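S.K.: Fold the stuff below for me.
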Amino acid sequence: MAAGPHIPVLYQDIIHALQPKSGGLYVDCTLGGGGHAQGILEASRPDGKLLGLDLDPQAIAIARKRLASFGERARIERASYVELTSALKSAGWNLVDGIVFDLGVSSMQFGTPERGFSFQHDGPLDMRFNPEGSVSAAELVNQMSEAELAEIIFRYGEDRNARRIARAIVRARPLQTTSQLAAVVAGAGGARGHLHPATRTFQALRIAVNDELKSIEAALPQAVQALNSGGRLAIISFQSLEDRIVKDYFNRESTDCLCPPQQPVCTCGHKATIRKVTRKPIVPTESEISDNPRARSAKLRLAEKL
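M.R.: Now for the predicted structure:
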């Protein structure tokens, strides 16, 4: 089944935040289908340039086609945003004027059953952003101990029923498809409220498979270091764990001293490297959520290099 059309989340907000200009250099660290990248390239005519990074070959192919009309202004690399520093070096770029991250899984990936990201379609338990990656969700589900599975589901899925779910998974093994796993989790009493019972378990496994949180932590300092003075960093997150990492990093790096408040003299020597552009995250309008339900949980945080 083919993936649905790519609808970039918070598109106008990203363009407004980065303020693309002619002659500027920009990086889309999560290129996806190229929606944000296209907007940045259009806004930075006639000679702004963009470097797009993504691990997903399907996304790369779609983005290449979408951005083909921009010619050499668009440079696309199959790489993780954890490799931002080396990707910039390979491109011959030193400092850039804007960087965007659109974290998590794309609607395109969700809509492709064979990628195994969604319990709404039956497919193999894969969940790898990079299909050539070493560990799939099926391997985690079928090889981890009950205690290890419970820890992943609790830590990355924040599901209070993690132990019960892990126990049910181990008893039902082997599990090879998304529908099999979703049924087991639902039977064990997964996430409650408006969420499907399997939502948090699928989120947890995806984060573990792709080592997403550590990747974000590793990429943020690289992004700030890569910015020109006055350059903007825009990060869209979709769940609390991602957003907390970004929020904490922005708070820390926008503060001069990190010593305890009761300490009379600063000994840490820390100096702020960024300023927060907005005090609170930007969230989508009701109109955007209506047009693109995936945008519902999106939060955009902005920072500017000092």
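S.K.: which stretches of the protein form helices?
M.R.: Counting by DSSP state H, the chain has helices at residues 11-18, 35-43, 57-67, 84-91, 107-110, 137-143, 146-157, 162-172, 178-188, 199-210, 212-226, 240-253, 286-291.
S.K.: what would those look like in JSON lines with mean pLDDT?
M.R.: Formatted as JSON lines, those follow (pLDDT from 0 to 100):
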{"stretch": "helix 11-18", "mean pLDDT": "97"}
{"stretch": "helix 35-43", "mean pLDDT": "98"}
{"stretch": "helix 57-67", "mean pLDDT": "96"}
{"stretch": "helix 84-91", "mean pLDDT": "98"}
{"stretch": "helix 107-110", "mean pLDDT": "81"}
{"stretch": "helix 137-143", "mean pLDDT": "98"}
{"stretch": "helix 146-157", "mean pLDDT": "97"}
{"stretch": "helix 162-172", "mean pLDDT": "97"}
{"stretch": "helix 178-188", "mean pLDDT": "96"}
{"stretch": "helix 199-210", "mean pLDDT": "96"}
{"stretch": "helix 212-226", "mean pLDDT": "98"}
{"stretch": "helix 240-253", "mean pLDDT": "97"}
{"stretch": "helix 286-291", "mean pLDDT": "93"}
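S.K.: Of those helices, which stretch is the most buried?
M.R.: Highest mean neighbour count of these: helix 199-210, a mean of 24 (counted as mean count of other C-beta atoms under 10 Å). (Each C-beta comes from the backbone N, C-alpha and C, glycine too.)
S.K.: now the helices of the chain as CSV including distance to Ala298?
M.R.: Below are the helices of the chain laid out as CSV (distance: least, C-beta to C-beta, whole Å):
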stretch, distance to Ala298
helix 11-18, 9
helix 35-43, 12
helix 57-67, 18
helix 84-91, 22
helix 107-110, 12
helix 137-143, 24
helix 146-157, 19
helix 162-172, 26
helix 178-188, 24
helix 199-210, 15
helix 212-226, 15
helix 240-253, 10
helix 286-291, 9
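S.K.: mind checking which of these is nearest Asp97?
M.R.: Across these, Asp97 has its closest neighbour in helix 11-18 (7.8 Å, C-beta to C-beta).
S.K.: Pull the distance from the closest one to the chain's centre.
M.R.: 17 Å (C-alpha atoms, centre = their mean, to the nearest Å).
S.K.: so what strands line up beside the strand ranked longest in the chain?
M.R.: Longest strand of the chain, by residue count under DSSP state E: strand 227-237. If you go by DSSP bridges, strand 227-237 pairs up with strand 96-102 (parallel), strand 299-305 (antiparallel).
S.K.: so the last one versus helix 11-18, what angle?
M.R.: The one in question is strand 299-305. 10 degrees (axes from the mean of the first three to the mean of the last three C-alpha atoms, to 10 degrees).
S.K.: hey, C-alpha coordinates of strand 299-305 in PDB?
M.R.: As requested, C-alpha coordinates have been extracted for strand 299-305 and formatted as PDB (Å, rounded to 0.1, in the frame of the first residue of the first chain):
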ATOM      1  CA  LYS A 299       4.800  21.500  19.800                       C
ATOM      2  CA  LEU A 300       7.200  23.900  18.200                       C
ATOM      3  CA  ARG A 301      10.100  25.400  20.200                       C
ATOM      4  CA  LEU A 302      12.300  28.100  18.800                       C
ATOM      5  CA  ALA A 303      15.800  29.300  19.800                       C
ATOM      6  CA  GLU A 304      18.200  31.900  18.300                       C
ATOM      7  CA  LYS A 305      22.000  31.700  18.500                       C
END
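S.K.: contacts for that strand?
M.R.: 10, 13-14, 17, 224, 227-238, 243, 246-247, 250, 253-254, 273-278, 281-283 (C-beta atoms under 8 Å, 6 or more residues apart in numbering).
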